[in-house]
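[1] from the sequence below, what's the structure:
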Amino acid sequence: MNIYVLLKRTFDTEEKIAISGGEINSDGAEFIINPYDEYGVEEAIQIRDSQGGEVTVVSVGSGDAEKQLRTALAIGADKAVLINTEDDLEIGDEFTTAKILVEFLEDKEADLIFAGNVAIDGGSGQVGPRVADLLGIPYVTTITKIEIEGRNVNIIRDVEGSSETIEASLPLLVTAQQGLNEPRYPSLPGIMKAKKKPLEELELADLDLDENDVAAKTKTVDIYLPPKKEGGRILDGEVQDQVKELINLLHSEAKVI
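    As a prediction, this is how the structure comes out:
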C-alpha cells in the first residue's frame, strides 16, 4: 500500500492570534501539524501496519515545516518530502498548493492519499479535493471510519450531524475528520529514529514548475479579528414583561425585527 499524507504547518491552537498591518503576526508564535492532518497521519500508519506498505508525508511551504515533518516521522511515517517554496513564491493560495502537490504526486502511483478536512488557519477545505480532481481520482471528505479490503474501500463520513456510508475503490483521496482516530504522541525511540529517516527537500524547479505556473488565483484583501462579543443579558420580572422587553431589545438594539 503506497500511502501519502498531505501535511500543513499551522499555528498552535493554543496561540493567541495577533494581527499587524493586515497580516497575522507570527513572531515568536508556536507552530504544529494541522490537527486534522494528524488524523490522516495516524490512520495512514495504522493502515500500513495492518496491510503493509509505506507512508510518506508531504508538505508545501517554507523550510520551517521540516520540524513538523520530523514530528510525523517520529510518530511513525516512513518518509517525508518538503517542497520548499520560500524562495520562489511570495503569495500562494489553495490552487497554488494543489498544483504543486499534483505535480509531485502524478507519477508516484499513490494508492491512498490522506488530507485534513480543513486547515485550522484558513479553513477552506479545498486542497484535498483540488488535488484529487487534478489527479483524476475519486475523493471522499470528512471521513470518520475507513476499511480497506483489497482495492475496495468502505467509508463512513460525517454529514451535518449524521453520517453516510460510501463504497469506493483505490486509488482514492480522503480528508480526515475529528473522530477518525486518536493520534499518538511521538515516543522517544520514534524521535531518535526520525533523525535517520529520509526527508527529501525539493523546489519548484525540481518539479519543472515556475512561479507563473502556480500563481495564486485569489487575493487576500484584509485579515482582521472578529468583533468582540458583548456579554449576555438576563431579563428579570414576570414572563409577559420579559417578552415585551425582549421584543423591544430585538427591535431597538439587535435590529433583527
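
[2] got any ranges where the stretch 1-150 of the chain has weak pLDDT?
    Low-confidence segments of the stretch 1-150 of the chain (pLDDT under 70): 22.

[3] repeat that with 80
    Across the stretch 1-150 of the chain, the ranges flagged by pLDDT under 80 are 13, 15-29.

[4] quick one, what contacts Val127?
    By C-beta atoms under 8 Å, 6 or more residues apart in numbering, the residues touching Val127 are Leu6, Lys8, Glu94, Thr97, Ala98, Leu101, Ala115, Ala119. C-beta: built from backbone N, CA, C; applies to glycine.

[5] how far away is the fifth one from Ala115?
    Okay, so that is Ala98. For Ala98, the distance to Ala115 (C-beta to C-beta, to the nearest Å) stands at 10 Å.

[6] which residues do these two both contact?
    The contact sets of Ala98 and Ala115 overlap at Val127, Val131 (C-beta under 8 Å, 6+ apart).

[7] ok, the two, which is more surrounded?
    Each of Ala98 and Ala115 has its neighbours counted (other C-beta atoms under 10 Å); Ala115 has more, 32 against 24.

[8] all helices for the stretch 101-250 of the chain, in order.
    Counting by DSSP state H, counting those that start in this stretch, the stretch 101-250 of the chain has helices at residues 127-135, 188-194, 239-252.

[9] any idea of the mean pLDDT for the last one?
    Averaging the model's pLDDT scores along helix 239-252 yields 90.

[10] next one: the second one
    For helix 188-194, the per-residue pLDDT values average out at 95.

[11] turn the contacts of Val127 into a markdown table, including distance to Leu172.
    Formatted as a markdown table, the contacts of Val127 follow (distance: C-beta to C-beta, whole Å):
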| residue | distance to Leu172 |
| --- | --- |
| Leu6 | 14 |
| Lys8 | 20 |
| Glu94 | 20 |
| Thr97 | 20 |
| Ala98 | 17 |
| Leu101 | 16 |
| Ala115 | 12 |
| Ala119 | 21 |
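
[12] so how far is the first residue of stretch 219-227 from its last?
    23 Å (C-alpha to C-alpha, to the nearest Å).

[13] contacts for it, please.
    For stretch 219-227, contacts defined as C-beta under 8 Å, 6+ apart pick out Ile17, Ile19, Gly22, Glu23, Ile24, Ile91.

[14] go on, stretch 145-154?
    Residues outside stretch 145-154 that contact it (C-beta under 8 Å, 6+ apart): 1, 43, 47, 51, 112, 155-156, 165-170, 172, 174, 180.

[15] now the contacts of stretch 219-227 in JSON lines, with distance to Thr144 and secondary structure?
    Converted to JSON lines, the contacts of stretch 219-227 look like this (distance: C-beta to C-beta, whole Å; DSSP: H, G, I helix; E, B strand; the rest coil):
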{"residue": "Ile17", "distance to Thr144": "28", "secondary structure": "coil"}
{"residue": "Ile19", "distance to Thr144": "34", "secondary structure": "strand"}
{"residue": "Gly22", "distance to Thr144": "37", "secondary structure": "coil"}
{"residue": "Glu23", "distance to Thr144": "35", "secondary structure": "strand"}
{"residue": "Ile24", "distance to Thr144": "30", "secondary structure": "strand"}
{"residue": "Ile91", "distance to Thr144": "34", "secondary structure": "coil"}
